[in-house]
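A.B. asks: missing the sequence, but the structure's below:
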């Protein structure tokens, strides 16, 4: 595998250089610090045409530990009324065939997450080491990874995915990169992608049509361009936020909904990071009334 890199800073730290020269991003970066409430209100306004609030939870299952803990995590979520979507690299579907096949039979939706395993987990500290970044691959290598990931889901799980998430998606955000990705997904018959950062959601809303429907990840009320993920709040080195902050951000979202403002909440986590995290399940309990269990359900409603 190429480009093995230890994660530092944030999940998107690998694209810092390109972002530093991107003035458009820098505007949002500075605004995130200076006027976060204005950015968040802009996102809230973009959701105002929704008939009801929508919450969708996806899991990036990037390590062998995810295979081990996932059945218990999904059982616990089911008890509180939540069904997640699973994004799993093809190599890990092969390693966890029994687990993933049994989950597919229950109707859980699988998102193509490429084929090559792109994260290694160092135990017992749970240090995550990333590799295989799309921005460092050729277009041919990316195409191959996506096609092989698709075939793994079809052949092992017996279902055909219609959605995709880029591995380490924060490092693959240039317009040329996303245009290539979406053209390829359309060519393969895909309906949607969820491969963009909260900045895109602030600019374009919770979903928008390109070659496929795009669902940007949702940011945080207090830090609107920061993705609300388990790694950033619990495992990122030198992080300035905590697990309690994660729950606070979910609470602020719920308060927004209770105030009469519908929200589209699209967040993800890694099962290996949350299976022993009580605040995560408390947060999910608060969001459960708004859960939609499949991206494809939303596509059917808004993708016409």
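C.D. replies: Nice, thanks for sending it over. Since we're looking at a predicted model, the values are computed, not measured. Residues are numbered from 1 along each chain as shown.

A.B. asks: per-residue confidence for residue 22?
C.D. replies: We have a pLDDT of 59 for residue 22.

A.B. asks: How about the one 3 residues further on?
C.D. replies: Per-residue pLDDT puts residue 25 at 61.

A.B. asks: With residue 199 instead?
C.D. replies: 93.

A.B. asks: how much space between residue 134 and residue 266?
C.D. replies: Plainly put, residue 134 is 20 Å away from residue 266 if you go by C-beta to C-beta, to the nearest Å. All C-beta atoms are positioned from the backbone trio N, CA, C, and that covers glycine.

A.B. asks: in the stretch 101-250 of the chain, which segments are predicted with low confidence?
C.D. replies: Across the stretch 101-250 of the chain, nothing is flagged by pLDDT under 70.

A.B. asks: what about the helices in it?
C.D. replies: Under the criterion DSSP state H, counting those that start in this stretch, the stretch 101-250 of the chain carries helices at the ranges 139-152, 175-187, 198-204, 230-234, 243-258.

A.B. asks: Need the residue closest to the centroid of this protein.
C.D. replies: In the chain, the centroid-proximal residue (C-alpha atoms, centre = their mean) is residue 268; its distance is 4.3 Å.

A.B. asks: Quick check: phi and psi at it.
C.D. replies: phi -140, psi 160 (degrees, to the nearest 10).

A.B. asks: Without its sequence neighbours, what residue ends up closest to it?
C.D. replies: residue 58 (4.4 Å; C-beta to C-beta, 6 or more residues apart in numbering).

A.B. asks: show me the contacts for the one you found.
C.D. replies: Neighbouring residues of residue 58 by C-beta atoms under 8 Å, 6 or more residues apart in numbering: 84-87, 111, 165, 194, 266-268, 295.

A.B. asks: okay if I get these as TSV plus distance to residue 176?
C.D. replies: TSV is the format used below for the contacts of residue 58 (distance: C-beta to C-beta, whole Å):
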residue	distance to residue 176
84	32
85	27
86	29
87	23
111	23
165	19
194	20
266	24
267	27
268	25
295	25
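
A.B. asks: Give me the subset of those that lies in strands.
C.D. replies: If you go by DSSP state E, those have 85-87, 111, 266-268 in strands.

A.B. asks: Going by distance to residue 98, which of these wins?
C.D. replies: Set against residue 98, the nearest of those by C-beta to C-beta is residue 86 (14.5 Å).
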